[in-house]
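A.B. asks: How does the following fold in three dimensions:
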Amino acid sequence: MSTDPFFEHLFDYSKQVTPYLSGSIAPMPEEFSNEYFLHIDYPCSQNIQQLYKSIERAHPEAGSAYWLTRTWDLLCWQPVYVSFISIYALHGLPNVAHIRQEIQSQFVAGYSFDSTDHIHASEAELIEKAGKQLQQLFAFFREEMSQWTRIRPGFTNHLFADGILGCLVKLSNFAPQMPNAYLIEQASLWLSACNLSEKHLNGLSVNEESGDLTLVRTSCCLVYKCDGRELCLDCPRHPENKR
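C.D. replies: Have a look, this model is predicted:
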């Protein structure tokens, strides 16, 4: 583990959020031949396709739209979570575009950086930086996937926005002292930094009874197509979210 206090805290907080978000500092291999990793500097098209196929084998009944959506969500969840933890818990940011991620069976969990470089700045500046880095990384994933499937920017942008806003709702649960008005302002900053439409803000609202920040996503993860699974509570298809 890194002796750098920033990364020590980042890795500790990550595991508190979820044990699957296990971080480390590790040098990059001289030759990136390991099929179980993803990194922006190395071709990953086949690795991502293998992840897709493992999801297809596990849930053949769900269909290709689910397999694609699930694959994309798995590629993106860790960089977004790490960005949020870094900014709101540590007031800093590593280069999340250069995160290395571990591919597990039907999952992506575990991440590392090969450098302890990170920056400290104002919240707004860090969000702006994170937005650019995430766009760079996700554009790379799209390019790699486009070698074997059709994956539209409009499709991924909806999932990107829902991932950002979902993290803000989780942040409100971890830090209930943060005012909802502040979190909605943060949502606007994130959407702008990630070049995503402000229309996504319409999915955020405050529950009148509980006072909790809630989200109705614009995209559906399609998990209900898997045997034994149901619609998520924040799904736009859920009957309680129909307007």
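A.B. asks: which residues are in contact with stretch 11-21?
C.D. replies: 1-2, 22-24, 78, 81-82, 85, 89-90, 107, 109-111, 170, 174 (CB atoms under 8 Å, 6 or more residues apart in numbering). For the C-beta atoms, the positions are set from N, CA and C on the backbone; glycine is no exception.
A.B. asks: Buried members of those residues into PyMOL, please.
C.D. replies: In PyMOL, this line selects whichever of these come out buried by 16 or more other CB atoms under 10 Å:
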select buried, resi 2+23+78+81+82+85+89+90+109+110+111+170
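A.B. asks: Now do the residue most central in space within the chain, the pLDDT please.
C.D. replies: When CA atoms, centre = their mean is applied to the chain, the residue found nearest the centroid is residue 77 (2.4 Å). The score at residue 77 is 98. That number is its pLDDT.
A.B. asks: Is it in contact with residue 162, as I believe?
C.D. replies: No. In this structure residue 77 lies outside contact range of residue 162 using CB atoms under 8 Å: 11.1 Å.
A.B. asks: quick revisit: in what helix or strand does the nearest residue to the residue nearest to the centre of the chain once chain neighbours are set aside lie?
C.D. replies: Leaving aside its chain neighbours, residue 77 sits nearest to residue 163 (6.6 Å; criterion: CB to CB, 6 or more residues apart in numbering). If you go by DSSP states H and E, residue 163 is part of helix 153-174.
A.B. asks: For the protein, which residues score under the pLDDT cut-off?
C.D. replies: 1-3, 30-35, 243 (pLDDT under 70).
A.B. asks: For this protein, just list every one of the helices.
C.D. replies: 5-17, 45-58, 64-90, 123-145, 153-174, 180-193 (DSSP state H).
A.B. asks: Compare those and give me the one nearest residue 217.
C.D. replies: With CB to CB, the closest approach to residue 217 among the helices of the chain belongs to helix 153-174: 4.3 Å.
A.B. asks: Give the other helices and strands that that closest one contacts.
C.D. replies: helix 64-90, helix 123-145, helix 180-193, strand 204-206, strand 213-215 (3 or more CB pairs under 8 Å, 6 or more residues apart in numbering; DSSP states H and E).
A.B. asks: Now with 6 Å, please.
C.D. replies: With contacts defined as 3 or more CB pairs under 6 Å, 6 or more residues apart in numbering; DSSP states H and E, helix 153-174 has these neighbours: helix 64-90, helix 180-193, strand 213-215.
A.B. asks: Would you tell me which strand is longest in this structure?
C.D. replies: Across the chain, the strand with the greatest residue count (assigned by DSSP state E) is strand 107-113.
A.B. asks: which residues are in contact with that strand?
C.D. replies: Contacts of strand 107-113 with the rest of the structure, by CB atoms under 6 Å, 6 or more residues apart in numbering, involve 20, 22-26, 74, 78, 94, 99-102.
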